[in-house]
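> pasting the structure only:
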């Protein structure tokens with residue numbers, strides 16, 4: 001999961017891209033980068049850290065130009081410790097290209113071999129995004145063969161890319177001196193939309209980045225579609241996939257996206273309200289409402305679901321946890337030890353809301369269980385008589401290979417365990433999960449045009465159809481190897 005933005009304007013874009021990245025900061029906290037363009041020259045600054053830390057006044061002054069793109073990174077492939085793998089990426093031929101990518105290629109290893117052996121292109125990092133950029137560069141070179149670039153050439157290159165790439169990808173790319181191209185994979189797993197302002201066209205991961213920077217949301221970019229915004233600001237669009245399907249990632253609506261965004265015609269906020277309604281039916285079947293004194297959300301993504309759940313149960317909605325907004329989202333922090341240690345730094349209890357009460361805590365999802373266990377213990381320490389826990393998402397039992405940090409089954413608390421076994425591990429008095437069907441209905445009710453969902457982390461069905469058990473085992477091995485290397489680097493730094 002990353003946040004990406006691309007802009008063409010008649011005015012300088014460095015501040016505009018910075019502001020958009022701040023609005024997308026929730027999509028990645030590991031690194032940030034901006035590239036701008038003047039004429040045919042690119043200017044780039046990127047580094048590890050959050051947006052406000054990466055960019056200083058001197059950095060912004062060094063980013064002139066009326067076209068540019070940016071990214072906030074949450075690493076799911078490659079080396080998370082490497083600053084070289086912060087985006088955007090650059091390649092000098094053809095024309096000069098810079099790219100920002102959100103998603104995860106599932107055939108990156110095979111593509112890397114093809115690029116080296118057949119396309120004669122060199123990949124310098126372990127990032128699948130650099131692989132993707134070089135595939136695009138190769139296909140653009142084949143489409144133009146030294147002739148001036150036309151929109152039809154861009155679409156031809158993307159069409160050939162779709163035939164080579166597997167996995168999820170939402171992409172923005174600047175082509176030096178020509179314009180900006182943006183496209184999504186044929187399943188539309190990762191979000192991408194565009195909007196217009198006064199002399200400006202912006203492409204971004206979420207509509208909130210458009211609206212928050214004064215742009216009018218135009219529409220989502222369709223799965224498989226590419227748009228090319230030429231140097232004059234004219235938008236050209238073409239469907240480049242043979243059989244596109246709209247299968248957005250369900251986890252975007254559960255947790256990843258901001259509630260004030262709209263993705264593929266669905267209000268994220270309304271989807272979370274609907275999740276609360278369907279979850280209420282599950283709660284009533286397992287815990288009689290008269291045993292519940294208050295419904296308390298675990299900040300922040302679960303608030304809409306918790307409010308609607310409380311309304312459906314006829315129970316008070318209470319804020320029992322105060323969040324320290326200067327601690328990052330624990331779900332996307334590397335390492336169980338760091339994640340566990342940060343929970344109590346991130347949340348503090350309001351004791352009066354727990355003392356002597358039976359409370360129903362509502363979370364957006366339960367992934368590894370570390371955070372849930374700590375929070376349940378915090379509620380008990382605050383004096384709660386009974387602590388029930390409800391999840392707006394179903395059990396996460398399968399790896400996600402499309403750009404969310406769930407690549408290893410063994411890290412998932414629900415993998416190979418019954419609900420009762422998970423309840424015992426977490427330590428709550430009752431555990432109520434959303435069911436997969438209810439979650440799908442909650443979202444699809446808001447846009448019947450959706451063809452389905454990527455719900456692979458819940459049901460184990462990978463919509464791209466190319467994922468095997470061997471692929472999952474390889475990804476898990478790669479992750480374990482990277483974690484061992486990271487631990488070794490940490491030990492060497494401590495002993496230095």
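Alright, I've got the coordinates. Just so you know, these numbers come straight off a predicted model, no measurement behind them.
> what helix or strand does residue 113 sit in?
Under DSSP states H and E, the secondary-structure element containing residue 113 is helix 108-117.
> so what does that helix touch, helix or strand wise?
helix 128-144 (3 or more Cβ pairs under 8 Å, 6 or more residues apart in numbering; DSSP states H and E). No exception for glycine: its C-beta is placed from N, CA and C like everyone else's.
> So for the helix it packs on, mean pLDDT?
Mean pLDDT, helix 128-144: 94.
> do stretch 182-202 as well
Here the average pLDDT along stretch 182-202 is 97.
> Tell me which residues of it come out buried.
182-195, 197, 200-202 (16 or more other Cβ atoms under 10 Å).
> I'd like the distance from that stretch to the chain centre, please.
Relative to the mean C-alpha coordinate of its chain, stretch 182-202 is positioned 15 Å out (Cα atoms, centre = their mean, to the nearest Å).
> What is the end-to-end distance of it?
10 Å (Cα to Cα, to the nearest Å).
> what does stretch 19-30 give?
Stretch 19-30: ends 17 Å apart by Cα to Cα.
> can you list the domains in the protein?
The chain resolves into domains spanning 3-245, 271-451 when parsed by automatic domain parsing.
> Tabulate the ones you listed in a markdown table, adding columns for distance to residue 458.
Output for these, formatted as a markdown table (distance: least, Cβ to Cβ, whole Å):
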| stretch | distance to residue 458 |
| --- | --- |
| domain 3-245 | 14 |
| domain 271-451 | 5 |
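> Ok, which of these comes nearest residue 260?
Set against residue 260 and scored by Cβ to Cβ, the domains of the chain come closest in domain 3-245, at 5.2 Å.
> contacting residues for residue 64?
12, 14, 36, 38, 43 (Cβ atoms under 8 Å, 6 or more residues apart in numbering).
> State the distance from it to residue 39.
10 Å (Cβ to Cβ, to the nearest Å).
> cool, and residue 86?
Residue 86 is 25 Å from residue 39, by Cβ to Cβ.
> Counting neighbours, go ahead and name the busier of the two.
Legend: neighbour count by other Cβ atoms under 10 Å for residue 86 and residue 39, higher for residue 86 (23 against 9).
> what number of residues lie near the residue lying closest to that one once chain neighbours are set aside?
Closest residue to residue 86 apart from its sequence neighbours, by Cβ to Cβ, 6 or more residues apart in numbering: residue 31 at 3.8 Å. Applying other Cβ under 10 Å, we find 24 residues neighbouring residue 31.
> Give the residue spans of the chain that score low on pLDDT.
Low-confidence segments of the chain (pLDDT under 70): 76-82, 146, 326-342, 406-407, 479, 482-496.
> Can you list phi and psi of the nearest residue to residue 74 once chain neighbours are set aside for me?
Counting by Cβ to Cβ, 6+ apart, residue 74 lies nearest to residue 28, which is 3.6 Å off, once chain neighbours are set aside. As for residue 28, its main-chain torsions (degrees, to the nearest 10) stand at phi 180, psi 130.
> so who does residue 28 touch?
Neighbours of residue 28 in contact, by Cβ under 8 Å, 6+ apart: 1, 2, 3, 71, 72, 73, 74, 332.
> mind running it again at 10 Å?
The contact partners of residue 28, taken as Cβ atoms under 10 Å, 6 or more residues apart in numbering, are 1-4, 21, 50-51, 71-76, 87, 102, 205, 329, 332.
> what separates it from residue 38, distance-wise?
Counting by Cβ to Cβ - residue 28 and residue 38 are separated by 27 Å.
> try residue 368
For residue 368, the distance to residue 38 (Cβ to Cβ) stands at 46 Å.
> for residue 317, same thing?
For residue 317, the distance to residue 38 - Cβ to Cβ - is 52 Å.
> So for the two, which sits in the more crowded spot?
The neighbour comparison of residue 317 against residue 38 (other Cβ under 10 Å) goes to residue 317, with 17 against 14.
> Now the phi/psi pair for that one, please.
Backbone geometry at residue 317, expressed as degrees, to the nearest 10, gives phi -100, psi 130.
> Quick one, which of the domains of the chain gets closest to residue 460.
With Cβ to Cβ as the criterion, residue 460 lies closest to domain 271-451 of the domains of the chain, at 4.2 Å.
> Find the nearest non-adjacent residue to residue 6, please.
Spatial nearest neighbour of residue 6, excluding adjacent residues (Cβ to Cβ, 6+ apart): residue 172 at 3.5 Å.
> Tell me what angle the helix or strand in which the one you found is found forms with helix 108-117.
Per DSSP H and E: residue 172 is located in strand 167-175. Strand 167-175 and helix 108-117 are oriented at 40 degrees to each other (axes from the mean of the first three to the mean of the last three Cα atoms, to 10 degrees).
> just how off-centre is whichever helix or strand comes after strand 167-175 within its chain?
Where DSSP H and E defines the elements, the next helix or strand beyond strand 167-175 is strand 179-184. Centroid separation for strand 179-184 versus its chain: 19 Å, with Cα atoms, centre = their mean.
> my guess is residue 47 meets residue 71, correct?
No - assessed by Cβ atoms under 10 Å, residue 47 is found out of contact with residue 71, at 12.0 Å.
> Which one's more surrounded, these two?
Ranked by neighbour count (other Cβ under 10 Å), residue 47 and residue 71 place residue 71 first, with 32 against 13.
> ok, back up a step: the residue nearest to residue 6: neighbouring residues, count only.
The local packing of residue 172 (other Cβ under 10 Å) involves 29 other residues.
> could you check the distance from it over to residue 8?
11 Å.
> cool, residue 451 as well?
Note on residue 451: its distance to residue 8, by Cβ to Cβ, is 31 Å.
> Neighbour count for those two, which is higher?
More neighbours surround residue 8 than the other of residue 451 and residue 8, with 25 against 14 (other Cβ under 10 Å).
> is the more buried one in a bridge, and if so with what?
Assessed by DSSP bridges, residue 8 has beta-bridge partners residue 67, residue 201.
> OK, contacts around it?
Residue 8 touches 37, 66-69, 174, 179-180, 199-203, 229-235, counting by Cβ under 10 Å, 6+ apart.
> redo that, cut-off 7 Å
Applying Cβ atoms under 7 Å, 6 or more residues apart in numbering to residue 8 gives the contacts 67, 179, 180, 201, 229, 233.
> Does the third one touch residue 174 like I think?
Think residue 180. Yes - using Cβ atoms under 7 Å as the test, residue 180 is close enough to residue 174 to be in contact (5.5 Å).
> joint contacts of the two?
Both residue 180 and residue 174 are in contact with 6, 67, where contact means Cβ under 7 Å, 6+ apart.
> check contacts around residue 212.
Contact analysis of residue 212 by Cβ under 7 Å, 6+ apart lists residue 23.
> Could you do the one 3 residues further on as well?
Applying Cβ under 7 Å, 6+ apart to residue 215 gives the contacts 195, 196, 197, 200, 202.
> could you pull out the helices for the stretch 1-150 of the chain?
Taking DSSP state H, counting those that start in this stretch to define them, one finds helices in the stretch 1-150 of the chain at 14-23, 51-54, 57-61, 108-117, 128-144.
> which outside residues touch the third one?
Which is helix 57-61. Contacts of helix 57-61 (Cβ under 7 Å, 6+ apart): 14, 15, 18, 45.
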